[in-house]
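Undergrad: my questions are about this predicted structure, shown below with the sequence.
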Amino acid sequence: MAVQFYLVWLTLALSLFDLTCNASPVRRRGAVPDGFYAAPYYPTPYGGWEDSWKASYAKAQALVGKMTLAEKTNITGGSGMYMGNSGSAYRVGFPQLCLQDGALGVSNTDHNTAFPAGITTGATFDKNLIYARAVAIGKEFRGKGANVFLGPSVGPLCRKPLGGRNWEGFGADPVLQGIAGALTIKGVQEQGVIATIKHFIGNEQEMYRMYNPVQAGYSSNIDDRTLHELYLWPFADGVHAGVGSAMTSYNAVNGSVASQNAYLINNLLKDELGFQGFVMSDWLSHLSGVASALAGLDMSMPGDTQIPLFGNSPWKYHLTEAVLNGSVPLDRLNDMATRVVAAWYQFGQDKDFPAVNFHSYVSSEKGLLYPGAVPKSPSGKVNWFVDVQADHSVVARQVAQDAITLLKNDDDFLPLSTKSSLRIFGSDARVDPAGPNACGSRACNKGTLGMGWGSGVANYPYFDDPITAINKRVEDVKLYDSDDFPSNLTPSPTDDDVAIVFINSAAGENSLIVEGNHGDRDNDRFSAWHNGDKLVQKAAETYKNVVVVVHTVGPLILEPWIDLPPVKAVLFAHLPGQEAGESLANVLFGDVSPSGHLPYSITKKENDLPDSVTKLVKEILGQPQDTYSEGLYIDYRWLNKQGIKPRFAFGHGLSYTTFKYTNAHIKIVNALSSALPPARQPKPSVAILPTEIPPASEACEPAGFSKVWRYIYSWLSKSDAEKAYAIGTSSSSSNSSSQTYPYPEGYSTVQKAGVPAGGGQGGNPALFDTILELDVTVQNTGTKHKGKASVQAYVQFPSDSGYDTPIIQLRDFAKTKELGTGESETVTLRLRRKDLSVWDTQKQNWVAPGASGVNGKSQRYIVWLGEGSDKLFTRCFSDTLVCEKGVEPPV
């Protein structure tokens, strides 16, 4: 789980104080720039009105209706740092839930698969592979007894290329993130495991993300349109896919911390997007008691306060007290508990779900049951060493292989012959000699980089490294196992030698610092680590033929060496996970053609992008302000607007073969008869449980119960329970203002009808209607190699739409099967109403400007088809339904 990575906060123990208290309102917000405001939105919308969740909610309400007050509050939080899982209500049959990292496999266990990272998966641009990886991940989580998969990550959105956790997501585009995130949710949840979409929202930098007793975490200041069209977009797709849980981010948004930001949780997530599952805090990001409950948070993880020393909690027993004293309406607690239980029912976990069979913090068979309670923890069997790998290495290798992106291949230098004389440079060519798991949380960069570091990792069951795979195929191989170019080369270089130089760039979570990089790449920035750029330059000075292999979390500046004549080919292998070797060798030696495409742009220099995305916010005093002044224009959108040609554009990727794209057609599936989608249906009423404050006896701890030290319980002492109950039920003058919670501005207990843009999971159901459908036939016109082709669809909005829109925006993608020479396949791409809409901040709704033409005629959208954002070969018109080839693209 994410919990183990925050021991750093134990260093704050010397402070011996905790500014988080249950009954206080949210801390004073930092000053944010004018125009950014976290509006109040109360109360939390009820769950259970959406058709596909109604049956689960009915079961959940029946079960929650049998729970005592303490049982309800118990299931809304964790049991404490290093203490285990969420709380339970075993008396009525509801177990603890195991919430488990990481985004690329089951973390902190054994006999699991370490899959390629999200950024690698995004680089495949292959929906079938994205889904297959998710199915395998879901099976492994289920096999280990983990109820909740803490993924996928669709935030950060790679807004900041140096951001530490970009690699956990799928790329620098909301549609790529949205499609990949939704497919991941689908594949995982079909296995009966609850997926968690995260981090909601604006967590685009690691440094200064967390609140602590002396400083507020940074505020991501995002305007309404940018929030909807970029950062909220993939969350909407995930909610539309039926995701069961969501995780808030550490940072603030527009001045209000995400875990208690009523505008984000109550308004955007639960009302506009119609989210039916439960919302949890990220580990140790929960700052308040009443305020966060009213703002829509449903589960506190891991349950502790920010300084997790003594078993204190913002919720659990404090939440019990807050309900008894009337600060938190029982109605809100009932909804919290019901959302948690409903997700459990929704994915069939009430029947035949495996028990947890591993321990995240103990690797032996027997050990401490509650390591956080040392030295008072009882011991027992904690690991059963269940092997969940099955044949998942096959899909892992396929993803790693099909993500490999060929950026440069002068004179068709690749693929290599197995008769080649190969000289291999760089420690990234081989596994860490101390073992692939030698560094906890992968918090080092020693050997082939298969993943970043932090909570999103998994243990490697083995590591197939590149040098081993190369040695299997080629006899004449020499590895120079150093990141410094050797002064004496033995044997001496010849004109026929091929130098393969391995370089990398790592990043991870801010809880751990690696070689001066604080999660974000703040030290090495856009340069390869370990002087990798110099290593390439030295190789190019010595050898006539150089191939560069890059394992990286994100873009690098390649200008120091990319144009050197000896550098014949460049492969970005991203983060391949355990299958780094054979997947690369298959491409290097031509068993398969590379078919990956860049999930971000690679610029020629850092300042080709705006300072707001390349600079990392830093503030010693006060709350750092991260203002999204670039608006909609990140990555290729910015470069296109500014007319800046990148070194390699978003979506770029070469192949060993060539493809021809013909017979493009476009048709209207559903007409855009109006600019606004049809009005949402009224939100159905839902049954609610009784709302009267329960008797104090429901909060009292059982007589004679023996507590485990530091374990977080939901009970109150008899005297505290009776005192709180007296306050909550008093109607006399004794219930003075000093005993009344200071409710936030705009607070209300009256349920709202629902915002206009809502109406279903993900928003208004009409937003997901297919409007345009395009077909194109792809033929492999090469004569030597099989290959897979990617087709990407980019929309160009009507020129007179009245809205400022990026020149082109990705809206769908498709990938062919492996095509033999001369073989063809027709692929289909679809654009939904939302894909043709913009967020209108005045109407507070999605508007399709192409539907608002004069004389009843729709205005023209142009859909560009291509292999990348810089290689568009066909345009299709939405009004005439004509497609044209050989025209000048707009970028």
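TA: Arrived safely, thanks for sending. Residues are numbered from 1 along each chain as shown.

Undergrad: and the helices in the stretch 351-500 of the chain?
TA: Along the stretch 351-500 of the chain, counting by DSSP state H, counting those that start in this stretch, helices occupy 392-403, 466-473.

Undergrad: and what about residue 722, helix, strand or coil?
TA: Put simply, residue 722 is helix when judged by DSSP: H, G, I helix; E, B strand; the rest coil.

Undergrad: can you count the residues close to it?
TA: Other residues near residue 722 come to 16 when the count uses other CB atoms under 10 Å. C-beta here means a position set from N, CA and C on the backbone, and glycine is covered the same way.

Undergrad: try residue 141
TA: 28.

Undergrad: if you drop the residues flanking it in sequence, what lies closest to the residue most central in space within the chain?
TA: Nearest to the geometric centre of the chain sits residue 153, at 1.0 Å (CA atoms, centre = their mean). Of all residues not flanking residue 153 in the chain, residue 168 sits nearest, at 4.1 Å (CB to CB, 6 or more residues apart in numbering).

Undergrad: relative to residue 405, how far out is the one you found?
TA: In this structure, residue 168 and residue 405 are 19 Å apart, going by CB to CB, to the nearest Å.

Undergrad: give me the more crowded residue out of these two.
TA: residue 168 (32 against 26).

Undergrad: ok, the more buried one - contacts?
TA: 103, 104, 117, 118, 119, 151, 153, 452, 456 (CB atoms under 8 Å, 6 or more residues apart in numbering).

Undergrad: now it: phi and psi?
TA: Per-residue torsions, residue 168: phi -80, psi -30 (degrees, to the nearest 10).

Undergrad: who touches the residue nearest to residue 849 when sequence neighbours are not counted in this structure?
TA: Take residue 849 and drop its neighbours on the chain: the residue closest to it by CB to CB, 6+ apart is residue 801, 3.5 Å away. Taking CB under 8 Å, 6+ apart as the criterion, residue 801 is in contact with 838, 849, 850, 859.

Undergrad: of these, which belong to strands?
TA: residue 838 (DSSP state E).

Undergrad: just the helices from the stretch 51-200 of the chain, written as ranges.
TA: Under DSSP H, counting those that start in this stretch, the stretch 51-200 of the chain gives helices at 54-64, 69-74, 118-123, 127-143, 174-189.

Undergrad: in a markdown table, list these along with mean pLDDT and distance to residue 467.
TA: Shown next, in a markdown table, are the helices of the stretch 51-200 of the chain (pLDDT from 0 to 100; distance: least, CB to CB, whole Å):
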| stretch | mean pLDDT | distance to residue 467 |
| --- | --- | --- |
| helix 54-64 | 98 | 51 |
| helix 69-74 | 98 | 52 |
| helix 118-123 | 98 | 20 |
| helix 127-143 | 98 | 26 |
| helix 174-189 | 98 | 31 |
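
Undergrad: quick revisit: kindly indicate which of the contacts of residue 168 lies nearest residue 743.
TA: Distance to residue 743, by CB to CB, is smallest for residue 153 among those, at 33.7 Å.

Undergrad: what's near enough to touch the closest one?
TA: 103, 118, 165, 168, 169, 198, 199, 456.

Undergrad: spatially, which two of the residues you listed are the most separated?
TA: The distance between the two most remote of the contacts of residue 153 (CB to CB) is 12.8 Å, for 118 and 199.

Undergrad: and those two? which has more neighbours close in?
TA: More crowded of residue 118 and residue 199, by other CB under 10 Å: residue 118, with 32 against 25.

Undergrad: from residue 271, how far off is that one?
TA: From residue 118 to residue 271 the distance is 28 Å (CB to CB).

Undergrad: can you check residue 487 too?
TA: Separation of residue 487 from residue 271 (CB to CB): 66 Å.

Undergrad: who has more neighbours out of these two?
TA: More neighbours surround residue 271 than the other of residue 487 and residue 271, with 22 against 5 (other CB under 10 Å).

Undergrad: buried deepest among the helices of the stretch 351-500 of the chain, which one?
TA: Highest mean neighbour count among the helices of the stretch 351-500 of the chain (mean count of other CB atoms under 10 Å): helix 392-403, with a mean of 24.

Undergrad: now do the contacts for the nearest residue to residue 695 once chain neighbours are set aside.
TA: Spatial nearest neighbour of residue 695, excluding adjacent residues (CB to CB, 6+ apart): residue 725 at 7.1 Å. With contact set as CB under 8 Å, 6+ apart, residue 725 has these partners: 324, 325, 693, 695, 696, 699.

Undergrad: tell me which element residue 725 is part of?
TA: Using DSSP states H and E, residue 725 maps to helix 718-729.

Undergrad: run the chain-centre distance for that helix.
TA: Using CA atoms, centre = their mean, to the nearest Å, the distance from the centre of helix 718-729 to the centre of the chain it belongs to is 42 Å.

Undergrad: please work out the average pLDDT along that helix.
TA: Mean pLDDT, helix 718-729: 96.

Undergrad: returning to what we had before: which one of the contacts of residue 725 sits closest to residue 625?
TA: residue 325 (36.4 Å).

Undergrad: please report how far the closest one lies from residue 715.
TA: 15 Å.

Undergrad: residue 371: what's it in contact with?
TA: Residue 371 neighbours (CB under 8 Å, 6+ apart): 82, 83, 361, 362, 377.

Undergrad: so what's the third one closest to, chain neighbours aside?
TA: When you say that, I think you mean residue 361. Residue 361 sits nearest to residue 371 (CB to CB, 6+ apart), 4.7 Å away.

Undergrad: so, low pLDDT: which residues of the stretch 601-750 of the chain?
TA: For the stretch 601-750 of the chain, the stretches with pLDDT under 70 are 731-739.

Undergrad: the stretch 501-650 of the chain: strands as residue ranges?
TA: 546-552, 567-572, 625-627 (DSSP state E, counting those that start in this stretch).

Undergrad: looking at the ones you listed, which is nearest to residue 139?
TA: That would be strand 546-552 among the strands of the stretch 501-650 of the chain, by CB to CB, at 26.8 Å.

Undergrad: and the closest one, what does it pack against?
TA: In terms of contacts (3 or more CB pairs under 8 Å, 6 or more residues apart in numbering; DSSP states H and E), strand 546-552 is packed against strand 497-505, helix 532-542, strand 567-572, helix 580-588.

Undergrad: for the first one, which strands pair with it and how are they oriented?
TA: For strand 497-505, sheet partners with direction are given as strand 421-425 (parallel), strand 546-552 (parallel), following DSSP bridges.

Undergrad: of the ones you listed, which approaches residue 295 most closely?
TA: Among the strands paired with strand 497-505, the nearest to residue 295 by CB to CB is strand 546-552 (37.8 Å).

Undergrad: buried stuff in the closest one?
TA: By neighbour count on 16 or more other CB atoms under 10 Å, the buried set for strand 546-552 is 546, 547, 548, 549, 550, 551, 552.

Undergrad: residues contacting the closest residue in space to residue 574 that isn't next to it in sequence?
TA: What sits nearest to residue 574 in space, not counting adjacent residues and going by CB to CB, 6+ apart, is residue 120, at 4.0 Å. With contact taken as CB under 8 Å, 6+ apart, residue 120 is in contact with 399, 400, 403, 574, 575, 576, 577.

Undergrad: tell me the one of those residues nearest residue 811?
TA: When the contacts of residue 120 are compared against residue 811 (criterion: CB to CB), the nearest one is residue 403, at 21.5 Å.

Undergrad: list the residues that contact that closest one.
TA: Per CB under 8 Å, 6+ apart, neighbours of residue 403: 116, 120, 121, 122, 123, 124, 573, 574, 576, 596.

Undergrad: from residue 83, how far out is the fourth one?
TA: Which is residue 122. From residue 122 to residue 83 the distance is 35 Å (CB to CB).

Undergrad: the more surrounded of those two?
TA: More neighbours surround residue 122 than the other of residue 122 and residue 83, with 30 against 24 (other CB under 10 Å).

Undergrad: quick one: pLDDT of the closest residue in space to that one that isn't next to it in sequence?
TA: Nearest non-adjacent residue to residue 122, counting by CB to CB, 6+ apart: residue 170, 3.2 Å away. Looking at residue 170, its pLDDT reads 98.
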